[in-house]
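Chemist: next input, structure requested:
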Amino acid sequence: MTKQNLVYRFPVRACPTYDNIFVALDIAVVFRCKEDSESIFNFCYRISINQLNEQLEAALTERVRVLIRSKTHLEVNQIKGATNTQAMKEFLNDMFGNKGLEFLDIIVTEVQLPEEIKQPLDLKAQFGSINEKEREQYNYDMRLIDDEEILEALKQRRYEHRDSIKEDF
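Modeler: Numbering: from 1, shown residues only. As a prediction, this is how the structure comes out:
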């Protein structure tokens, strides 16, 4: 039996959010077989690969739908890459623990919003970046003007100081 972690990739399509926007997600589940002999026996003889696949798909679909249904589409868009699936991991460990499996991590690898929702969000993000760039450029330009004024004032004071020294001489 391998001691490596296994990655199971699973797509969830047409999953409704709290605000009834249907999203598609890709989930990566990292698990392994426990190393004790009883767990290895249970994994090898109490569940077939087909049964494992069906049960894992059913459990993941149900848990992902519960998770996504509790979030708005904006919140769902932010969970990509997040590992905020602790309750789901505990559920899977309880469900498959007697079959010799241990679930280590569940990661949302991709979130796909409908195009009519995704485009305005992308535009908003782009405009936010453009506004931020313009604000930084404005601050930079104002700093240049301020620096030039300070330099001119300093030059003027030096000229006056030099002239006063010449007069005194």
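Chemist: can you tell me which residues contact residue 64?
Modeler: When the contact criterion is CB atoms under 8 Å, 6 or more residues apart in numbering, the partners of residue 64 are 12, 15, 25, 27, 88. C-beta coordinates here come from the backbone N, C-alpha and C atoms, glycine included.
Chemist: state the distance from it to residue 99.
Modeler: Going from residue 64 to residue 99 by CB to CB, to the nearest Å gives 20 Å.
Chemist: on that earlier part again, now neighbour count too, for the contacts of residue 64, in a markdown table please.
Modeler: Output for the contacts of residue 64, formatted as a markdown table (neighbours: other CB atoms under 10 Å):
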| residue | neighbour count |
| --- | --- |
| 12 | 19 |
| 15 | 18 |
| 25 | 21 |
| 27 | 21 |
| 88 | 20 |
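Chemist: let me know the helix or strand that residue 111 is in.
Modeler: According to DSSP states H and E, residue 111 maps onto strand 101-112.
Chemist: in this structure, where is pLDDT below threshold?
Modeler: Scanning the chain for pLDDT under 70 picks out 1-2, 81-84, 116-130.
Chemist: and it, what are its domains?
Modeler: 6-113, 114-169 (automatic domain parsing).
Chemist: among those, which is the most enclosed?
Modeler: When you average the neighbours per residue for each of the domains of the chain (mean count of other CB atoms under 10 Å), domain 6-113 leads with a mean of 15.
Chemist: picking that back up, so which elements touch the strand holding residue 111?
Modeler: Under the contact criterion of 3 or more CB pairs under 8 Å, 6 or more residues apart in numbering; DSSP states H and E, strand 101-112 touches strand 22-33, helix 86-96.
Chemist: for the first one, which strands pair with it and how are they oriented?
Modeler: This points to strand 22-33. strand 6-16 (antiparallel), strand 101-112 (antiparallel) (DSSP bridges).
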